[in-house]
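Peer 1: The following comprises the amino acid sequence and a computationally predicted model.
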Amino acid sequence: MKLTKLSALLLGCFFIANSSQAMDLTVVSWGGAYSKSQINAYHNPYMELNPDINIIHDESSYEAVAKLRAMREAGNLTWDLVDAVPADAIRLCDEGLAMEVDVDEILDPAPDGTPASEDFGASLVSECFIPQIVYSTTFGFRTDVESWNGNEPDDVCDVFDLEAFPGKRSLEKRPINNLEWALLCDGVAKEDIYDVLETEEGQNRALAKLDTIKDEVIWWSAGADTPQWLADGEVVFGSTYNGRFFALIEEAKQPVKILWDAQVFEYDGWIIPTGLPEDRLAAVLDLVRFATDTQRLADQAKYISYGPARTSSNALVGEHATLGIDMGPHMPGHPDNAYNVFFFNYDWWADYRDDLDAKFQAWLAN
Amino acid sequence: MVSVDSIIGRNSLHRKVQRSLRIQKLRALGLIAPLFIFILISFVIPIGDMLFRSIENQLVSEVLPRTTEYLKSEQINEDWEPPNELFWHLYVDLAIATEVKLHTRVGSRLNYEKTGISSLFRKSGRSIKKFGADDYRKALTEQVPELASIDYWELLAEGTKYGYTRDAYNEWKKRLIENDDFSEKTKPSDFLFVVLANDIKSPGATPTQGTIPEEKLLPVISELPEIRFKELFLDTDEDWAEPDVWDTIQLYSPSFTNGYYLNSADFKKGSDGPELRPENERLYALIFSRTLFMSVTITLVCLLLGYPVAYFLANLPMKYANLFLILVLLPFWTSLLVRTSAWKVLLQNEGVINDVLVAIGLIANLERLELINNQTGTIIAMSHILLPFMILPLFSVMKTIHPSYVRAAKSLGATPWTAFRRVYFPQSIPGIGAGSILVFILSIGYYITPELVGGTTGTFISNRIAYHISSSLNWGLGAALGSILLAVVLALYWVYDRVVGIDNVKLG
């Protein structure tokens, strides 16, 4: 008797859940403050305008490539839109897991009519990639290190200067960026770095430069490591994403400063998985069109210090939503910060990543 | 006298007994069937599939059938130059592959073996669309408008005359169908016209009656500019002239490869057999030996720490023993991540342990101990996490050792140490065996803790496996490393069985 009541109840719930015509869209991103900024700037306003769409958040971007590949093999696609860095977008595109898109067709032009492809410009690094933001990987340092005698690093090569700036450093546990910085500080001109890095001698040269500080380096693999270590005093110097530093300095009020020299610009954006059924694809395209328009991209900068990928959004960047700080000077692309920048070379790394990673890991392990 | 057998029939009784036994067996099988099927579906099949990937290599020959077929008979050395014909086959293969974006998959597959192939394929896939095939399409359809419809090609593909065209068309169609892109309205791709033109003008094809009005097409075809594939490919990327690239394609043409296993043993597949990698690329032998070393150390630490605790617990009265047992289990119920993070707080340079040592003056402030982000960190944190797996089997075995044995030994004149060594300890060995094998096998495949506290020298092979599965996407290499790990564990288990004897292992 009880059982029938229960099952009737369950059945009822099932029908109620199904009766509302809401469509669930699973949007995958990186989690943390970044996801929050997307929810505030894109998803919540979109759901207000479209009550029949319900956006579900998944924080699996970190392993998006592997998961999408597994989904294809299992023949069961459960994601609708995925936030990815260009390197992953290129991989997904190569594997046929991300859809090729024509940005002028699926995205809105700028308010002044500039087509999306021009507005996004250089950030369109792959046929499958729909850019959102520009961020940078750069260094931060503690401002209260006694042994530095009041000096502050102003050059990326100060990372390699253990005499003037002693103390532990944190670097990312992968070759990307580290090898470029090492060569730059070993006297290689910026424009020659990738040519040098293609050769065996160049690679050894970069690793030899890193050898000079290897004993003083703690290697991070999560973006939150460096800010945590800087706050704890575990390291005095470390690389991470500029948005993490912003949170550490402006929100957590830690005695840390950003060193913008030789910051590495990188984009982040959406990819649409291939193989979505038509109705879902239509819904996703509508969401993407909304989330990448000029105003929405500028809105995101209210919540996190990452720059909008559209040129037309830059003028609209205003103040932080809760802190009330003018966000412009905190953007990696602000003229005061972007005096010496690197552009992440995706094509090059797509080729050399596996090879150099093996060498880098062998170097680390020994 | 009439025997009982003859009355009921010996055979029929025998059969009945047999039958009821069989039914019993089936019933027993039926009971374990759910578990068996569950294990089969959720464990054996996926793991088998994963291990299969460590030798599987069908992608290259499937996507580049003509190229790999041609390369089979080539002797590639440093002075070898790729012939024109090879580029023709490559063009057809790539043209089909680009339609469904398979060329980039082959590119990234081969890029694991030779750096640069990934972009070589990506670039070439883009540029072959500009090789001039559309001129062929325009010229041919102008003469024979039916060529623009897919039905006509279907008819062509049924004939046996133009073998190359037929095969290329069928493969192209098959790929599109796989991709759900094929319908009656599909337009024949540009490259097909080049292939057809080539078949028509090739000397072997005698103009006979067929579906194609060759006499109409031949003059047009001879007027069309010849596509110089080799030049065009080399213009796209000079790497196509490199014997190394072709050598790699040739080496990885077979459907099965030992390349992944060679890679995981720090070897490289070369045209003259396996060769050892240069010293700065050797990684896996080191990590495997490190994994074994740390697992053994962790097992020993757990045994040294766990044995006295288990002894203490086993000899307490039941009500106290339960209380202390909860203390042992309490951390066991805490999330693994929480415990590992707690160790980070304790062990780091500015952490609790170092602060205390500095405060009591044992070490100087500038000589803080490096307890984390190295092997020490991994061994400390993992020993703590795996300790309950040692204590519990030891405890349950020790519970069964009756105290009267030791008392008897003592009353016969043994010192406490002798009594322990000759009477108590041998009886606790099954617990040691069980605890050690549990801790060892758990630790050899550990992943999260070494990732968080291991730094660069304290990571396990499973961290590399995870990297290849989720980051580099080199699943073949990940699978090869995984199966080697499995083989190592099985081999150690066998050795263990020979030395200690698996019958000597007891969980209670």
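Peer 2: Good, I have the coordinates. Numbering: from 1, shown residues only, chains lettered A, B, ... in the order given.
Peer 1: quick one: B:V144 and B:E214 touch, right?
Peer 2: No: the criterion here is CB atoms under 8 Å, and B:V144 misses it with B:E214 at 9.9 Å. Where C-beta positions appear, they are placed from N, C-alpha and C, glycine not excepted.
Peer 1: Is whichever residue of chain B sits closest to chain A in a helix, a strand, or coil?
Peer 2: Residue of chain B nearest chain A, by CB to the nearest CB: B:T104 (3.5 Å). At B:T104 the chain is in helix, as set by DSSP: H, G, I helix; E, B strand; the rest coil.
Peer 1: ok, which stretches of the stretch 101-250 of chain A are helices?
Peer 2: Taking DSSP state H, counting those that start in this stretch to define them, one finds helices in the stretch 101-250 of chain A at A:103-106, A:116-120, A:178-185, A:193-197, A:200-211, A:225-232, A:242-246.
Peer 1: Mind checking the pLDDT average for the last one?
Peer 2: Here helix A:242-246 scores 94 as its mean pLDDT.
Peer 1: ok so, going back, of all the helices of the stretch 101-250 of chain A, which lies closest to chain B?
Peer 2: Chain B lies closest to helix A:225-232 among these, at 5.4 Å (CB to the nearest CB).
Peer 1: Give me the buried positions along the closest one.
Peer 2: A:225-230 (16 or more other CB atoms under 10 Å in any protein chain shown).
Peer 1: hang on, the earlier thing: out of the helices of the stretch 101-250 of chain A, which is closest to B:L300?
Peer 2: Nearest to B:L300, of all the helices of the stretch 101-250 of chain A, is helix A:225-232, at 30.9 Å by CB to CB.
Peer 1: Run the chain-centre distance for that closest one.
Peer 2: 19 Å (CA atoms, centre = their mean, to the nearest Å).
Peer 1: same thing with stretch A:196-213?
Peer 2: Between the centre of stretch A:196-213 and the centre of its chain there are 26 Å (CA atoms, centre = their mean).
Peer 1: contact partners of it?
Peer 2: By CB atoms under 8 Å, 6 or more residues apart in numbering or on different chains, the residues outside stretch A:196-213 that reach it are A:159-160, A:162, A:169, A:178-180, A:182-183, A:185-186, A:188, A:195, A:217, A:352, A:356, A:359-360, A:363, B:280.
Peer 1: cutoff 7 Å now
Peer 2: Here stretch A:196-213 makes contact (CB atoms under 7 Å, 6 or more residues apart in numbering or on different chains) with A:160, A:162, A:169, A:178-179, A:182-183, A:185-186, A:188, A:356, A:359, A:363.
Peer 1: again with stretch B:379-386
Peer 2: B:294, B:297-298, B:301-302, B:305, B:336, B:339-340, B:343, B:347, B:371, B:439, B:442-443, B:446, B:449, B:453.
Peer 1: hmm, 8 Å instead?
Peer 2: B:294, B:297-298, B:301-302, B:305, B:331, B:336, B:339-340, B:343, B:347, B:371, B:439, B:442-443, B:446, B:449-450, B:453, B:458.
Peer 1: Please identify the residues of the stretch 101-250 of chain B in proximity to chain A?
Peer 2: Neighbours of chain A within the stretch 101-250 of chain B, by CB under 8 Å from any CB of the partner chain: B:101-102, B:104-105, B:107-108, B:111-112, B:115-119, B:122.
Peer 1: so which of the helices of the stretch 101-250 of chain A comes closest to B:G361?
Peer 2: helix A:225-232 (22.6 Å).
Peer 1: so does the closest one get close to chain B?
Peer 2: Yes: interface with chain B: helix A:225-232 contributes A:D232 (CB under 8 Å from any CB).
Peer 1: model confidence over that helix, on average?
Peer 2: For helix A:225-232, the mean per-residue pLDDT is 93.
Peer 1: just stretch A:155-172 next, same as before
Peer 2: Mean predicted confidence for stretch A:155-172 is 95.
Peer 1: Alpha carbons of it, in PDB - could you do that?
Peer 2: C-alpha atoms of stretch A:155-172 as PDB (Å, rounded to 0.1, in the frame of the first residue of the first chain):
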ATOM      1  CA  ASP A 155      62.000  42.900 -15.000                       C
ATOM      2  CA  VAL A 156      60.900  39.300 -15.700                       C
ATOM      3  CA  CYS A 157      64.500  38.300 -15.500                       C
ATOM      4  CA  ASP A 158      64.600  39.200 -11.800                       C
ATOM      5  CA  VAL A 159      62.900  35.800 -11.400                       C
ATOM      6  CA  PHE A 160      66.200  34.300 -12.400                       C
ATOM      7  CA  ASP A 161      68.200  36.600 -10.200                       C
ATOM      8  CA  LEU A 162      68.700  34.800  -6.900                       C
ATOM      9  CA  GLU A 163      71.200  37.200  -5.600                       C
ATOM     10  CA  ALA A 164      69.200  40.400  -5.700                       C
ATOM     11  CA  PHE A 165      65.800  38.600  -5.000                       C
ATOM     12  CA  PRO A 166      66.500  35.500  -3.000                       C
ATOM     13  CA  GLY A 167      63.600  33.200  -1.900                       C
ATOM     14  CA  LYS A 168      61.400  30.500  -3.300                       C
ATOM     15  CA  ARG A 169      59.600  31.000  -6.600                       C
ATOM     16  CA  SER A 170      56.600  29.100  -8.000                       C
ATOM     17  CA  LEU A 171      56.400  28.200 -11.700                       C
ATOM     18  CA  GLU A 172      53.900  26.100 -13.600                       C
END
